[in-house]
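>>> Show me how the following folds:
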Amino acid sequence: MNQKMNRRELLRVLACTSISGGIILTAGCSENTASFDPVSETIQLGTSTPVSLDTDLHITTSTISSTHDSEEFESEVTKRASVLVHDYITRELTDQGLRESGISPERVRLRTDEIDTDVHTDEFKRAIPLAVVVNHRYHYANDGELTHHPTVEFDTLLSQLPRTVTVAVSESIHFSEYEAVLPVAGHRYWTQNT
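Numbering: from 1, shown residues only. The predicted structure is shown next:
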């Protein structure tokens, strides 16, 4: 029986190893592959009530172009709104004591079809698919051992995030107004040493 176990171990090592130019590379195999069970990756919208930011954000057309281009204006508004939403979410997480290692908000491009939560097609209003995503990262050693995870549960994090944030912006020369409604999501994922 001991001989069979050694043979299995040898086969596992050979299956997980390749030699390239004299260098041995491991291909995502861990010492304990049978028990490696990382958290599932998911992107879900916040479950708290949507928020509207009370802001006086004005954009002059000259910062966009000399001619008033509605599409360009709406894209610029969406970009600036995403900065405001990011700053708002960062402040809220800090105020609630939820900023820690493994939890970090960022501005990203996020299509509706990448969100695992049920989403209505008209729920967001954004000229480009920007969102604020709060990362909730787990980290595993190459042997599959969980070495770091946030102390805040993912569902708790989601309960503190608004589903959407609305930002109204006006353009001072042509008196245009645009209301951006951006999604706020939590992204649970994992990384592993190689």
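
>>> okay but Val165 is in contact with Ala131, surely?
No - Val165 lies out of contact with Ala131 (CB atoms under 8 Å); the separation is 9.8 Å. C-beta: built from backbone N, CA, C; applies to glycine.

>>> any shared contact partners between those two?
By CB atoms under 8 Å, 6 or more residues apart in numbering, Val165 and Ala131 have these common neighbours: 182, 184.

>>> Tell me who's in contact with the residue nearest to Glu41 when sequence neighbours are not counted.
In space, and not counting its chain neighbours, Glu41 is closest to Tyr189: 4.6 Å by CB to CB, 6 or more residues apart in numbering. With contact taken as CB under 8 Å, 6+ apart, Tyr189 is in contact with 39, 41, 135-138.

>>> which SSE is the residue sitting nearest the centre point of the chain in?
Centroid-nearest residue in the chain, with CA atoms, centre = their mean: Val133, separated by 3.7 Å. Per DSSP states H and E, Val133 falls inside strand 130-140.

>>> Give the other helices and strands that that strand contacts.
Other helices and strands packing on strand 130-140, by 3 or more CB pairs under 8 Å, 6 or more residues apart in numbering; DSSP states H and E, are helix 70-95, strand 103-109, strand 146-148, helix 154-159, strand 176-192.

>>> Most tightly packed of these?
Comparing the helices and strands packed on strand 130-140 by mean neighbour count (mean count of other CB atoms under 10 Å), strand 176-192 comes out on top with a mean of 20.
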